[in-house]
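Peer 1: Just need the structure, nothing else, for what follows:
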Amino acid sequence: MKSIEELTKEGVELKEVELMLTLDELKTFGAYCIEHDLKFNDWIRTLAHEAIKQQADT
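Peer 2: Next up is the predicted model:
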């Protein structure tokens, strides 16, 4: 999966979406991203891709 930066450099049109989280969820996700040197958008996109793949496999 390509990062946001890679997609932007390629001129891919990206859509902004709203993500609703509790403050605790946001802190947890943010801490995870910092700990694993991930960008939040790329991590969320990876989770979505994994969920879609898992659904397709069942």
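Peer 1: Report the secondary structure state of E16.
Peer 2: Assigned by DSSP: H, G, I helix; E, B strand; the rest coil, the conformation of E16 is coil.
Peer 1: which ones are touching L19?
Peer 2: L19 makes contact with I44 under the criterion Cβ atoms under 8 Å, 6 or more residues apart in numbering. For glycine as for every other residue, the C-beta is placed from the backbone atoms N, C-alpha and C.
Peer 1: Could I get the phi/psi values of it?
Peer 2: Phi and psi for L19, reported as degrees, to the nearest 10, are phi -120, psi 120.
Peer 1: Can you read off the pLDDT for it?
Peer 2: Listed pLDDT for L19 reads 84.
Peer 1: contacting residues for F40?
Peer 2: By Cβ under 8 Å, 6+ apart, the residues touching F40 are 29-30, 33.
Peer 1: want to throw the residues you listed into CSV with neighbour count, distance to S3 and secondary structure?
Peer 2: Shown next, in CSV, are the contacts of F40 (neighbours: other Cβ atoms under 10 Å; distance: Cβ to Cβ, whole Å; DSSP: H, G, I helix; E, B strand; the rest coil):
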residue, neighbour count, distance to S3, secondary structure
F29, 17, 17, helix
G30, 13, 18, helix
C33, 16, 13, helix
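Peer 1: what's the single longest helix in this protein?
Peer 2: Assignment by DSSP state H gives helix 40-57 as the longest helix of the chain.
Peer 1: Could you list the buried residues of that helix?
Peer 2: 42, 45 (16 or more other Cβ atoms under 10 Å).
Peer 1: Which residue would you name as the spatial centre of this structure?
Peer 2: Centroid-nearest residue in the chain: I44, 2.0 Å away (criterion: Cα atoms, centre = their mean).
Peer 1: Quick one: residues contacting it.
Peer 2: Contacts for I44 (Cβ under 8 Å, 6+ apart) come out as L19.
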